[in-house]
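Trainee: Below: sequence and its predicted model.
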Amino acid sequence: MNNLSTFFKYVLLGNLFFMVWGGNHINECTKIPKTALESHLATKTPYRVIANRNDSQLNYPGCVPIRIWSIVRHGTRNPSKKVIKKAKNDLSILRKRILSSQKTKLCEKELSLFRNWNFNLGESEEKYLVYEGEMELIELAARMQNRFPEVLYDYYDPDHYKFKYTATQRTLRSAESFATGLFGRYNTDSITYPEPMHRDPILRFYKLCDKWKLDVDKNPKSLIETKKFMESDLMKKAIKYMVNKTGVKGITSDDIQLIYTVCAFELAWYKRRFSPWCTLFDDETIQILEFARDLEYYWIDGYGYELTHKQACSAFSDMFSHISPNSSYPNATFYFTHSGTILKFLSHLGLHKDNFVLTHKDFLKERKWKTSEIDAFASNIAFVTYSCEDESYKILVLHQEKVVHLPGCPKDSDLCDLKQIKHSFRNSLEKCDFDEICKISSS
């Protein structure tokens, strides 16, 4: 009996030892779930994370959709030349250091991911739309067509459809993929597109705004909050976590940002593959990096400066002229553009605006400004005009395929009267002097 008691005592001690030592080791080696990481990739978030899969037809008694205007960000793409070069050089060196470290906390499965990692992307392929991006646009188009069959026909008619993209491969391929989702892969040859422009006054208006480029985009003050956060205790904590996880000393804030970027792209590209660089994050560190990006986009492309979103009145005016019931434009208009346009336009609409100015101190605050949700790859905004039996015209506004309510519109109804939108945004329509807004002061 005594021997049996001793046996159970040693079993209990052994289990306790495992929980204290082995259990911790297992937890350190267990990567954060892929789905959790994908939700915090800022503007590199794949659209599948936030897509509204419910594509049931949207019916409002007594009202029929007659027009639609939508602006769509390109789908998942390759990184820039700068990131490609740094991934090949800097991360390749860091990978060797991780694999040779005697203090790594990475488990065998994670180390195996690093052993098999390579980055074979050529610089000539920078920012090209990838297969995942094509599928994002194809599936988006199919869902929108299911929701609005009365206005999104399954055949191309140049008098009914208008497509436009910027002078980039990623928006061209996005437009072609979207058309494939509407008309089928073998029915897109007859589509006509306007000549694309790098500095399109509607699709990329900020490229023409000299004042914004000088006062915001190239102004070091715009990055003050981001810089403060990058030097904060939270970022130091994230770096310390990564140093401890890898067993590699000397990791910097630049390194951790590059790791975050490559992790994001490699997660976005593949639904079922995992990036070794993503194993270096836990739930808190991934959100710390996400917040740093949110800060940057807030001050460069969002609510940080009035000029940034005020200049988007040109896009708003274009939208309003297309959704008006007596418009001479085609009934269905789709523009394919970029992150900068989407964020500035959202801000112009007053959407996802917090009741505080976002600063480096606000990491723990609940916030609406989360680029992972509002500006993922293939992000989209749509305005749908409904003709109603009471002879009124109402507007449905969608962001990421979900109903949103513009300022001044009723919160208890999906539809908003066209006259109300015109009233709420009268300055955007009546005082949109883009040249004056963007003129650099001589003083």
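Mentor: Sure thing, it's come through.

Trainee: Roughly how far does I138 sit from K271?
Mentor: 15 Å (Cβ to Cβ, to the nearest Å). All C-beta atoms are positioned from the backbone trio N, CA, C, and that covers glycine.

Trainee: Please apply the same query to T246.
Mentor: Noted for T246: a distance of 27 Å to K271, by Cβ to Cβ.

Trainee: again with F383
Mentor: 31 Å.

Trainee: who has more neighbours, T246 and K271?
Mentor: Using other Cβ atoms under 10 Å as the criterion, T246 and K271 rank with T246 on top: 23 against 12.

Trainee: So, low pLDDT: which residues of the stretch 301-443 of the chain?
Mentor: For the stretch 301-443 of the chain, applying pLDDT under 70 flags the ranges 443.

Trainee: all strands for it, in order.
Mentor: Taking DSSP state E, counting those that start in this stretch as the criterion, the stretch 301-443 of the chain carries its strands at 332-337, 380-388, 393-399, 402-403, 415-417.

Trainee: Can you say which of these is packed in most?
Mentor: Comparing the strands of the stretch 301-443 of the chain by mean neighbour count (mean count of other Cβ atoms under 10 Å), strand 332-337 comes out on top with a mean of 26.

Trainee: Who are the packing partners of that one?
Mentor: Helices and strands in packing contact with strand 332-337 are listed as strand 63-73, strand 161-165, helix 169-183; criterion 3 or more Cβ pairs under 8 Å, 6 or more residues apart in numbering; DSSP states H and E.

Trainee: can you redo the ones you listed as TSV with mean neighbour count and mean pLDDT?
Mentor: Below are the helices and strands packed on strand 332-337 laid out as TSV (neighbours: other Cβ atoms under 10 Å; pLDDT from 0 to 100):
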stretch	mean neighbour count	mean pLDDT
strand 63-73	22	98
strand 161-165	21	98
helix 169-183	22	98
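
Trainee: Looking at those, which is nearest to F425?
Mentor: Closest approach to F425 among those (Cβ to Cβ): strand 63-73, 14.2 Å.

Trainee: Tell me which other helices or strands that closest one touches.
Mentor: Contact partners of strand 63-73 among helices and strands, from 3+ Cβ pairs under 8 Å, 6+ apart: helix 131-147, helix 313-323, strand 332-337, helix 339-348, strand 380-388.

Trainee: which one of those has the most crowded surroundings?
Mentor: strand 332-337 (a mean of 26).

Trainee: Taking helix 313-323 as reference, get the angle to that strand.
Mentor: 160 degrees (axes from the mean of the first three to the mean of the last three Cα atoms, to 10 degrees).

Trainee: Just the CA trace of strand 332-337, in PDB.
Mentor: The C-alpha coordinates for strand 332-337 follow below in PDB (Å, rounded to 0.1, in the frame of the first residue of the first chain):
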ATOM      1  CA  ALA A 332     -23.800  50.400 -62.900                       C
ATOM      2  CA  THR A 333     -20.500  52.000 -62.300                       C
ATOM      3  CA  PHE A 334     -17.500  50.300 -60.800                       C
ATOM      4  CA  TYR A 335     -14.200  52.000 -60.100                       C
ATOM      5  CA  PHE A 336     -11.000  50.100 -59.100                       C
ATOM      6  CA  THR A 337      -8.600  52.000 -57.000                       C
END
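
Trainee: partners of that strand in the sheet?
Mentor: Paired strands of strand 332-337, with direction, are strand 63-73 (parallel), strand 161-165 (parallel) (DSSP bridges).

Trainee: mind saving the C-alpha coords of the shortest one as CSV?
Mentor: Which is strand 161-165. Taking Å, rounded to 0.1, in the frame of the first residue of the first chain, the C-alpha atoms of strand 161-165 are listed here in CSV:
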residue,chain,number,x,y,z
TYR,A,161,-22.0,49.2,-67.3
LYS,A,162,-19.1,51.5,-66.7
PHE,A,163,-15.7,50.1,-65.4
LYS,A,164,-12.6,52.2,-64.7
TYR,A,165,-9.2,51.5,-63.2
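
Trainee: quick one on the thing from earlier: how about the strands paired with strand 332-337 in CSV, adding distance to K85?
Mentor: Below are the strands paired with strand 332-337 laid out as CSV (distance: least, Cβ to Cβ, whole Å):
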stretch, distance to K85
strand 63-73, 25
strand 161-165, 27
